[in-house]
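# Provide a 3D model corresponding to the input given below.
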Amino acid sequence: MYNALLSYHDAVLYRSGEPYRILAGAIHYFRVHPGLWRDRLRRLKAMGANTVDTYVAWNFHQPQRDAAPDFTGWRDIGHFIDLAAEEGLDVIVRPGPYICAEWDNGGFPSWLTGIPGIGLRCMDPVFTAAIEEWFDHLLPIVASRQTSMGGPVVAVQIENEYGSYGDDHEYIRWNRRVLEERAITELLFTADGGTDYFLDGGAVEGTWATATLGSRGDEAVETWKRRRPGEPFFNVEFWGGWFDHWGEHHHRRDAADAAREARKMLDLGGSVCVYMAHGGTNFGLGSGSNHDGSRLQPTVTSYDSDAPIAENGALTPKFHALRAEFFRAQGLEEMPGLPVELLADPPVVPAQSLPLSAGMDLLELARRSAKPVSSVKPLSFEQLGLDAGMVLYSADAILPGRAEAPSECRLKITGLNDRAYIWVDGVFAGVLDDTSGAEGLPVTGTGASAKLDILVENLGRINYGPLTGQGKGILGGVLVNQRYTFHWTQVPVALSEWGNDELEQLAGADFDLGEPADTYIALPDSGKGFVWLNGFLLGRYWEKGPQVTLYAPAPLLNAGLNHIKVLELGKPGTVVELRAKPDLGPEEPGPIAAAELP
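Residues are numbered from 1 along each chain as shown. The predicted model follows:
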């Protein structure tokens, strides 16, 4: 039986029998263009880290049930792990199957969570069978790169923050067994918040319990001494920054404050993984959503997270502050290898303003997107087999009133978890969302049949908490006052699959470059929508902010002609700006401490 490279006893962590501590940072391969993987890993190494940590997003590899998981190109996690080894970094893999990570659906494919009646993150046999099939594809890639096979993988996580969701310890032990049966022999661990509440639900005997928290680390160390004697303390998610929701401010954490908190845990002998060391970008439709109990909270496209290595790779004051703590923990003044002075900020395209041409009418474009699907009641995204994007719902409804005396009624949508754009007889009537859908829109009727068109935009699936797996689209029905409307057609609008034929119909702008470089795209007079660069879906923009610019990394640009395409959902603009600096919006301190409370 192979002995894992990492081991522990008497609350001390060992590597090959020598006392050791993990000084790590999280980088998610699915949030970084593969052409920049090595660069970002190299910058992490320059921060003084000895380990890189990454989640595995199942839905990134297998968005459709009828296709095998894809591990090529951007999805080649094996290559990412190999590059980490070449840069002298150990690797921690967190395969889930649930990852949270502010990623759409917490990493679960929508075809899985859309199975009627399925029990998530428990011993439901339908759920566990799907996990085993997924792991049969994924885990050989990880197992073959463990240190026992000459690779860099030193530890693998069991599930993720389960104590925030459930307390089925049989399920956690099953996850451990599934990993072991598929040749994972390195050190296994669970990860939960730093209090008794989270440990009660997620930690099991015989498996290393690690922590996730952004502050009060000294209190968590004391909790571990009481609850997990003999186990070394490891904060596998030290929240040095925070993510952003649309409609909020950009969250910042003071660099000195983050460094002080890291020092607390390091001085007490703990290990630390900075989450995120480099956040990257929620490209395409990868952003998830949270829910505060009363409303949906969709996450922005940027996942900069106020990380020490910024979204574009720039080294921030937080990088230097945490670098000093990592060096101090190793008794070093300077790390051997690449000097940090050589890691210059990436070059950028000169700032310029481009005229934005007009595109096809939104409603007409949606109607042409796919073949309509008919049903008596509205169908959800899941029933239509659509992972993300939009659905156009159309039906005829009788709006009360008389020709000689039109009257007002309320058009309501029940079970709406997103944002709906509504037209009556081709005239735009307004927007409903998850908070206003039940109240409805005032519309005028004459007693005659009217054509309803409702375009529902999926704002991102919930990634955390008891509503994980919630469906998308119209899950209830459409009412005129208290009366249901039946007989619908649905047109799936699969934005992530759009090619040249669809993109040619959009608003656009072109520009020339001598050499590819980073740029930041802004649409100062547009409202809300999506941006493609050279056929690649960069992500969403929204005038409500906080995010103003979309990061476009150099590998997505061409030497020569470049094309920007814009799908605007409500307020078409006339200009596209290429900016030389990011603008993530007005700032406020992140809710680090509050996020740790049950």
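
# most remote residue from the protein's center?
Going by CA atoms, centre = their mean, the residue of the chain most distant from its centre is E404, 52.9 Å out.

# what pLDDT does that residue get?
What the model reports as pLDDT for E404 is 88.

# For it, grab phi and psi.
Recorded main-chain torsions at E404 are phi -80, psi -10, according to degrees, to the nearest 10.

# Please apply the same query to A420.
Dihedral angles for A420 - degrees, to the nearest 10 - are phi -120, psi 130.

# Which strands border the host helix or strand of L411, and is each parallel or antiparallel?
Element membership for L411 (DSSP states H and E) is strand 405-416. The strands that strand 405-416 pairs with in its sheet are strand 401-402 (antiparallel), strand 441-445 (antiparallel), strand 474-480 (antiparallel) (by DSSP bridges).

# And the contacts of it?
With contacts defined as CB atoms under 8 Å, 6 or more residues apart in numbering, strand 405-416 is touched by 399-401, 420, 422, 424, 429, 432-434, 437-446, 452, 454, 456, 474-481. Where C-beta positions appear, they are placed from N, C-alpha and C, glycine not excepted.

# Would you verify that D512 is located in a strand?
Yes - judged by DSSP: H, G, I helix; E, B strand; the rest coil, D512 forms part of a strand.

# Please name the nearest non-neighbouring residue to S144.
In space, and not counting its chain neighbours, S144 is closest to G151: 6.9 Å by CB to CB, 6 or more residues apart in numbering.

# Let me see the contact set for the spatially most central residue of the chain.
The residue lying closest to the centre of the chain (CA atoms, centre = their mean) is W103, at 2.2 Å. Each residue near W103 by CB under 8 Å, 6+ apart is listed here: 30, 55, 57, 59, 282, 286-288, 463.

# Who are the packing partners of the longest helix anywhere in the chain?
Secondary structure of the chain read by DSSP state H shows that its longest helix is helix 125-143. Under the contact definition 3 or more CB pairs under 8 Å, 6 or more residues apart in numbering; DSSP states H and E, helix 125-143 sits against helix 58-61, helix 77-86, helix 169-181.

# hang on, the earlier thing: could you double-check that the residue nearest to S144 lies in contact with A143?
No - using CB atoms under 8 Å, G151 makes no contact with A143, being 9.1 Å away.

# Confirm for me that S16 is in contact with S7.
No - between S16 and S7 there is no contact, the gap being 9.1 Å when judged by CB under 8 Å.

# These two: who's more crowded?
The neighbour comparison of S16 against S7 (other CB atoms under 10 Å) goes to S7, with 15 against 10.

# State the distance from the nearest residue to V478 once chain neighbours are set aside to K412.
What sits nearest to V478 in space, not counting adjacent residues and going by CB to CB, 6+ apart, is T485, at 4.8 Å. Using CB to CB, to the nearest Å, T485 is found at 10 Å from K412.

# Over to D525?
32 Å.

# cool, and L139?
47 Å.

# can you check P372 too?
23 Å.

# I figured A507 hits L354, correct?
No - the criterion here is CB under 8 Å, and A507 misses it with L354 at 11.2 Å.

# so how many other residues sit close to G230?
Neighbour tally, G230, other CB under 10 Å: 12.

# what are the phi and psi angles of it?
phi 90, psi -10.

# For A277, see how far away the residue lying closest to it once chain neighbours are set aside is.
Excluding the flanking residues, the one nearest G230 by CB to CB, 6+ apart is A11, at 5.7 Å. For A11, the distance to A277 (CB to CB) stands at 26 Å.

# All the strands of the stretch 301-450 of the chain, in order from the start?
With DSSP state E, counting those that start in this stretch as the criterion, the stretch 301-450 of the chain has strands at 352-355, 373-375, 390-398, 401-402, 405-416, 419-424, 427-433, 441-445, 449-457.
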